[in-house]
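Participant: Whatever this is, show me its structure:
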Amino acid sequence: MPPRDAKPKSKISASRKLSLKILLLTRAMEDLEKEKMDRDEEKVRYLGEKLPPLHLSGLSMDELQKLCKQLHAKIDVVDEERYDCEAKVVKNNRDIHELKLKIQDLGGKFKKPALRKVRVSADEMMRALLGSKHKGSMDLRANLKSVKKEDIKLEKVLTSEVGDWRKNVEAMSGMEGRKKMFDAAGGAQ
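Facilitator: Okay, the predicted model is just below:
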């Protein structure tokens, strides 16, 4: 049983295909040559209209100078037209490029869905992230540092001792001041 994707055999023999291919290629070559000849004839015709032949024989110096000035004026006009055409081409190419970028931007964009707020406990989050590796519960409050009432009282005493720092600068200077600070911090036990 042949596969479904297999191409059916063509009803044209290989030699017939080859002869048809050769005929098509020769026809294409003839058409290309004809187009080239037509273009050359059109170019000659156009130049004949726009550029009449120059008759320089028998002209005086003043007439030759006039002719040169006319030719220069025509050259200037043609150069202006050429520059305008080039500027239009550059502008159109830039516009095409910008439009292509816009198309790419628009094609690649998608609307982000509105996200919902979900309440998830720490255990559920760890289970979702780690899967079966997560063992036990995670009590975040147990890991918090506990503050003792004695520490708070000690801090109040230290802050009340310091008071105005300008008064204590002289008292705390030298080794005796350092000893007082060391004793107040509970260094000497």
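
Participant: and the gap between Gln70 and Ser60?
Facilitator: Relative to Ser60, Gln70 is positioned 15 Å away (CB to CB, to the nearest Å). Where you see a C-beta, it was placed from the backbone N, CA and C, and this is true even at glycine.

Participant: for Glu81, that is, sorry about that
Facilitator: Applying CB to CB to Glu81 and Ser60 gives a distance of 32 Å.

Participant: so after the host helix or strand of Glu80, what's the next helix or strand?
Facilitator: In the assignment (DSSP states H and E), Glu80 maps to helix 61-108. Per DSSP H and E, helix 61-108 leads on to helix 122-130 as the next helix or strand towards the C-terminus.

Participant: Buried ones in that next one, by neighbour count?
Facilitator: Buried residues in helix 122-130, counted by 16 or more other CB atoms under 10 Å: 126-127.

Participant: In the chain, where is pLDDT below threshold?
Facilitator: Applying pLDDT under 70 to the chain picks out residues 1-8, 109-112, 132-154, 156-182, 185-189.

Participant: tally of neighbours for Met61?
Facilitator: 7 (other CB atoms under 10 Å).

Participant: switch to numbering from 50
Facilitator: Sure, I'll start counting at 50 from here, so that last one is Met110.

Participant: and it, what does it touch?
Facilitator: Residues near Met110 by CB atoms under 8 Å, 6 or more residues apart in numbering: none.
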